[in-house]
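Undergrad: Mind looking at a prediction? Sequence and model below.
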Amino acid sequence: MIAETRHVRINKTRPLDKSWLPWGGSPSMRDLVCWYGIWLVFAYSFAMWPLKPWLIGTNPVLLAVLTGDQSTMTVAGAFARVGETPYVLTLIAGTVGMMKFAWVFWLAGRLWGGNLVRLLAGPPDERKKRSRNLLARETPANRRVIAAAVVLAPLPLIPSALAFASAGWVGMSLTTFLVLNLIGSAAWAGLFTGLGFAIGSPAVHMAERVTDYAVWVSLAIVAAMLLMRLTVSLRAAGKSS
């Protein structure tokens, strides 16, 4: 009830001062903590990319916990096949890796409701995918649709941050949210660790090969990230001029 009252206050009596912030007026401590928490999640995800080549061939289970990455879960399953690690541990690692930050977006959805959902979805002319259209509306989507989106969030075509924020927006309890997220994450982790278990040694050898050249692979990843950032900045500068 508190979250719903807050949402009405922001959208009706306190319109947004800035389009890139999900609140209006002066932010509370909860606003600031949650806002910076979201940005830390994004920064963490980018920071993990250069680390992947170093761990993929030595400790993919740890990497699966750190990143929740699909290819990493596949390699971890392959390591389980050759007896390097228990299969159940690889499954747990992949599941935890995908779930660990989901609650941050659920909490943000409880705090800011539709303001955050629309911010995550981007400008209206960029909301082209049907999944985005279902979740990014002036009013929240049907609860069953949101529940299904939370379960299916690991799939590539589902905007997971939107699904999690929408769950908070409609007042889904944290327990229900975590159970739904657990079902989807465990199923997805089982699929990719099972695939890696079926592949076995070839996947292990390939991962170890990547780690042998970890320095160069990491440098290539960093260069690609900087190039992408530069391209985005140049496009933004071109539109503003």
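TA: Yep, it's here. Keep in mind it's a predicted model, so treat the numbers as computed, not measured. Numbering: from 1, shown residues only.
Undergrad: Now do the host helix or strand of F42: distance to the chain's middle.
TA: Assigned by DSSP states H and E, F42 belongs to helix 29-48. Relative to its chain's centre, helix 29-48 lies at 12 Å (Cα atoms, centre = their mean, to the nearest Å).
Undergrad: For it, give the mean pLDDT please.
TA: The average pLDDT within helix 29-48 is 91.
Undergrad: For that helix, which residues meet the burial criterion?
TA: Neighbour-count burial for helix 29-48 flags 31, 34-35, 38, 48 (criterion: 16 or more other Cβ atoms under 10 Å). All C-beta spots, glycine's among them, are computed from the backbone N, C-alpha and C.
Undergrad: List of residues touching that helix?
TA: By Cβ atoms under 8 Å, 6 or more residues apart in numbering, the residues outside helix 29-48 that reach it are 21-23, 27, 66-67, 101, 104-105, 107-108, 111-112, 225.
Undergrad: Out of those, name the ones that lie in helices.
TA: 66-67, 104-105, 107-108, 111-112, 225 (DSSP state H).
Undergrad: now these: which count as buried?
TA: Using 16+ other Cβ under 10 Å as the burial test, the ones in helices among the contacts of helix 29-48 include 66-67, 104-105, 107-108, 111-112 as buried.
Undergrad: export those to JSON lines and tack on pLDDT and distance to G83?
TA: Shown next, in JSON lines, are these (pLDDT from 0 to 100; distance: Cβ to Cβ, whole Å):
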{"residue": "L66", "pLDDT": "94", "distance to G83": "23"}
{"residue": "T67", "pLDDT": "92", "distance to G83": "23"}
{"residue": "V104", "pLDDT": "95", "distance to G83": "36"}
{"residue": "F105", "pLDDT": "95", "distance to G83": "38"}
{"residue": "L107", "pLDDT": "94", "distance to G83": "41"}
{"residue": "A108", "pLDDT": "94", "distance to G83": "42"}
{"residue": "L111", "pLDDT": "92", "distance to G83": "47"}
{"residue": "W112", "pLDDT": "91", "distance to G83": "48"}
